[in-house]
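# take this sequence and fold it.
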Amino acid sequence: MSDERAQQAARLWGFDPGGVTLAARRENVVYRVEADSGTYALRLHRPGYRSAAELESELHWMAALEHGGMAVPRPVPLPDGQMTVLLGDTLVDMLTWLPGQPLGAQGAMDGVTDRPALAHRLGRLLAQMHDLSDGWTPPPGFTRPSWDRAGLLGDDPLWGRFWEHPDLTPDQRALFEAARAQAKAHLAGIESELDHGLIHADVITENIMRDGNALYLIDFDDGGWGFRDFELATFLMRFVDAPDHAEIRAALLEGYSIRRRIDTKTLDLFLTLRALTYPGWIIPRRHEPCGAARSARAIATAVPLAETYLNGGPK
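Below is the predicted model of the structure:
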């Protein structure tokens, strides 16, 4: 059905469906479209995950970033000027295709010999994105998810009630509940002082494209309003157990510091919050291919970070 809809969508955009090939099947199903005018990414969005208004807001934001000089996929409107189309229960859009390859999977940096240097470039890129976002006025009706205190720790978090993951042991559930309660109070006391604005919210290696020394961000599907420290923590969380974690962390923060200085203790809080989101995210996906392994990995990553946070942070 996805392939048929992809071919149908290609026709709506005026492209030959013969140039459509599957590129990735993740949260969204992405097809590569080859045409005389260039190469494009056709996205078929997971039904029910984003509303049409949220998706169009994402595309407006990406267009603003591209207009500001940042290399991101540019939305390609339909011939009638619309940015999205609904095919059955599936929202569809089209973007320009960026060069290069994803940096890697599960925190890998494939072919990267100097990982801190790459983290430094990424820090500068994230600072650019945040600066451009702060200088942009969203259009009326702009709506995106909020990675705020409620979105992270409320009764109905954006990525699910992580403390209710069915595979948690009683001790792990108690740990997550205690970390949640302490983090809610912690965040309530400092959130007015934190840098807050539009964030990508999913800066993982799978969503970072590398073309030589150039880095590009793709997949703004989870982007919305949030804390900038949460943005940095999302990337760093995949490296908490890496031998060069300290070097990667220092380089990312140095690259980002053209914008602001990062408080280390606050960043540690957001590393914990980012880790806690994943057990919630995986709950409805546990029975998908590789879901059980991803679920176990999410819990195994979050538990020590929650323990360290409750014990007062890194020693």
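
# residues of stretch 8-24 that come out buried?
9-10, 13, 15, 19-20, 24 (16 or more other CB atoms under 10 Å). C-beta here means a position set from N, CA and C on the backbone, and glycine is covered the same way.

# wait, stretch 224-235
Neighbour count says stretch 224-235 has 224-235 buried, by 16+ other CB under 10 Å.

# and what of stretch 38-47?
Neighbour count says stretch 38-47 has 40-45 buried, by 16+ other CB under 10 Å.

# stretch 237-246 too?
Using 16+ other CB under 10 Å as the test for burial, stretch 237-246 gives 237-240.

# any idea how far apart the tips of it sit?
12 Å (CA to CA, to the nearest Å).

# pLDDT on it, on average?
The pLDDT scores in stretch 237-246 average 94.

# three-state assignment of the residue most central in space within the chain?
Centroid check for the chain by CA atoms, centre = their mean gives residue 202 as the closest residue, at 1.4 Å. Put simply, residue 202 is coil when judged by DSSP: H, G, I helix; E, B strand; the rest coil.

# pretty sure it contacts residue 224?
No: counting by CB atoms under 8 Å, residue 224 is not a contact partner of residue 202; they are 10.3 Å apart.

# so which of the buried residues of stretch 38-47 is the closest to residue 165?
Closest approach to residue 165 among the buried residues of stretch 38-47 (CB to CB): residue 45, at 25.4 Å.

# mind pulling up the pLDDT for that closest one?
pLDDT at residue 45 comes out at 95.

# same question, residue 103
Predicted confidence (pLDDT) for residue 103: 94.

# number of residues surrounding the residue nearest to residue 296 when sequence neighbours are not counted?
With sequence-adjacent residues excluded and distances taken as CB to CB, 6 or more residues apart in numbering, residue 296 is closest to residue 167, at 7.4 Å. Residue neighbour count, defined by other CB atoms under 10 Å, stands at 15 for residue 167.

# where does residue 167 land in three-state SS?
Once three-state DSSP is applied, residue 167 turns out coil.

# touching, it and residue 297? I think so.
No: contact criterion CB under 8 Å: residue 167 and residue 297 do not qualify, at 11.5 Å.

# who's in contact with the residue nearest to residue 296?
286, 295-296, 299 (CB atoms under 8 Å, 6 or more residues apart in numbering).

# distance check, the closest residue to the residue nearest to the centre of the chain other than its chain neighbours against residue 49.
Distances taken as CB to CB, 6+ apart place residue 222 nearest to residue 202, at 4.4 Å, with adjacent residues excluded. Residue 222 sits 9 Å away from residue 49, taking CB to CB, to the nearest Å as the criterion.

# now do the helices in this protein.
2-12, 52-67, 115-134, 149-153, 170-190, 228-236, 245-256, 264-282, 291-310 (DSSP state H).

# out of those helices, the one nearest residue 33 is which?
Closest among these, using CB to CB: helix 2-12, at 5.9 Å.
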